[in-house]
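*Asks:* just coords:
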């Protein structure tokens, strides 16, 4: 935290002294919501819900962020590591199927200690690491044995796209290595008798307007590299929010068409992908974005 190198930004910010890097966060934990969440993949949410903890800030900061209030507006409450451990245990007591860490990358050291503390006090449900995929392998290795399920995005295939939308031309290279490490840690996906995932990797692909070809390349890469050992989540829920600069990024000012999404699904089927999740019509709505009201914090 004195010279932060947690993520690929490698910004060197002295977060211990209150400085911030790209993530816009110091070393003090900030959480915007901690509650049962029903809108993840079925094997994550189930009927009871996923015990989701939304951390303030983000190291990727995409221009179209679907959780802008969380990643950019600094909505959130400062808490201690011991309080975070309590939150994990409270969510377990509420019947959560897992502990779901959303945008956790920039707080890995604090989360690690909170998980260790909570596990020593009886936390026994799986832990889900839910991130943009822009990770350093060395940081992920710190979580080995503490995280059971990895839920990364794979946002961009081309460096040019990554540079335009999040000023991270190296994103494609880092996400590939991150997923490789995630699979090494968890092995092949496994489920309990209820169909809930107990370990494994689900890679999320949010289809963006006009980026069907890129997303197909990602599907091809993931299936060719990992086959059926991981799951792929094909998502059509992209929503152009008011926070998007539509003059600078006019290509993102529309939703994905039904035909674009159908072509993506058809392509995955043609490749032979069987371990995948797809979304129904109507998911591209702002109502699917939670309110960050400090619930449960």
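*Replies:* Yes, it's here. From a predicted model like this one, the values you see are computed outputs, not experimental measurements.
*Asks:* From the contact counts, what lies against the top strand by length along the chain?
*Replies:* In the chain, assigned by DSSP state E, the strand with the most residues is strand 197-206. For strand 197-206, the contact count by 3 or more C-beta pairs under 8 Å, 6 or more residues apart in numbering; DSSP states H and E identifies helix 42-45, strand 149-152, helix 171-186, strand 190-191, helix 212-226, strand 231-235 as packing neighbours. From N, CA and C alone the C-beta is placed, and that goes for glycine too.
*Asks:* Pull out the buried residues from that strand.
*Replies:* Residues 197-206 are the ones in strand 197-206 that count as buried (16 or more other C-beta atoms under 10 Å).
*Asks:* what about residue 51, which helix or strand?
*Replies:* If you go by DSSP states H and E, residue 51 is part of strand 50-55.
*Asks:* so how far is that strand off the chain centroid?
*Replies:* For strand 50-55, the separation from the chain centroid amounts to 11 Å (computed by C-alpha atoms, centre = their mean, to the nearest Å).
*Asks:* follow-up on the earlier one: now for the buried residues of strand 197-206: which two are most distant?
*Replies:* Between any two of the buried residues of strand 197-206, the greatest separation by C-beta to C-beta is 25.2 Å, found for 198 and 206.
*Asks:* residues touching the spatially most central residue of the chain, list them.
*Replies:* In the chain, the centroid-proximal residue (C-alpha atoms, centre = their mean) is residue 131; its distance is 2.5 Å. For residue 131, the residues meeting the contact criterion (C-beta atoms under 8 Å, 6 or more residues apart in numbering) are 101-105, 151-153.
*Asks:* Closest one to residue 64 out of the buried residues of strand 197-206, please.
*Replies:* Within the set of the buried residues of strand 197-206, residue 206 lies nearest residue 64; the separation is 9.4 Å, counting by C-beta to C-beta.
*Asks:* for that closest one, which residues make a bridge with it?
*Replies:* Following DSSP bridges, residue 206 is listed with bridge partners residue 235.
*Asks:* Pull out the buried positions in the worst-scoring helix or strand of the chain on mean pLDDT.
*Replies:* When the helices and strands of the chain are scored by mean pLDDT, DSSP states H and E, helix 68-71 comes last with a mean of 75. Neighbour counts using 16+ other C-beta under 10 Å place 68-71 of helix 68-71 among the buried residues.
*Asks:* Do I have it right that residue 62 meets residue 166?
*Replies:* Yes - distance between residue 62 and residue 166: 4.7 Å, which falls inside the contact criterion (C-beta atoms under 8 Å).
*Asks:* Nice, that's everything, thank you.
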